[in-house]
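>>> Could you work out the structure for the sequence below:
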Amino acid sequence: MRINFTARHYKSSPRLKEYAQNEVSRLEKFYDGIVSCDIILDYQKEIQIAELNVTVYGQVLTVIEKSDDIYKSIDMAVQKMERKLKRYKEKKFQQYANSKPTV
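Residues are numbered from 1 along each chain as shown. Coordinates of the predicted model:
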């Protein structure tokens, strides 16, 4: 999985970048068809925003989480993306199971 990191409106620390990349790399154990992941961190007044754009084959899954702490926003975004990837995987499995011809 290719991981791209972007910090908008501020310069992030290497520790924050490493933390975000480590958290996002855990997503591969929920779905192995992830092509790339874009991590976008933004800072608007007192609200810290973490956005994840995960590219799977033929689709982009997006999650945005806001809180007062950037680490908390990253954790919440990764947890939400885990749930979204599980639903996507189940949906793909159901489509495959329904497309099998019956004998």
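
>>> Quick one: distance of the helix or strand hosting Y88 to the chain centre.
If you go by DSSP states H and E, Y88 is part of helix 70-99. What separates the centre of helix 70-99 from the centre of its chain is 9 Å, taken as CA atoms, centre = their mean, to the nearest Å.

>>> buried sites along it?
Residues 70, 73-78, 80-82, 84-85, 88 are the ones in helix 70-99 that count as buried (16 or more other CB atoms under 10 Å). For every residue, glycine as well, the C-beta is placed using N, CA and C.

>>> and if you look at stretch 24-41?
If you call a residue buried by 16+ other CB under 10 Å, then stretch 24-41 has these buried ones: 24, 27, 31, 34, 37-41.

>>> That stretch: how far from the chain's middle?
Centre-to-centre, stretch 24-41 and its host chain are 6 Å apart (CA atoms, centre = their mean).

>>> if we look at that stretch, which residues are touching it?
In this structure, residues lying in contact with stretch 24-41 by CB atoms under 8 Å, 6 or more residues apart in numbering are 1-8, 12, 16, 20-21, 48-57, 70, 73-74, 78, 81-82, 85-86, 88-89.
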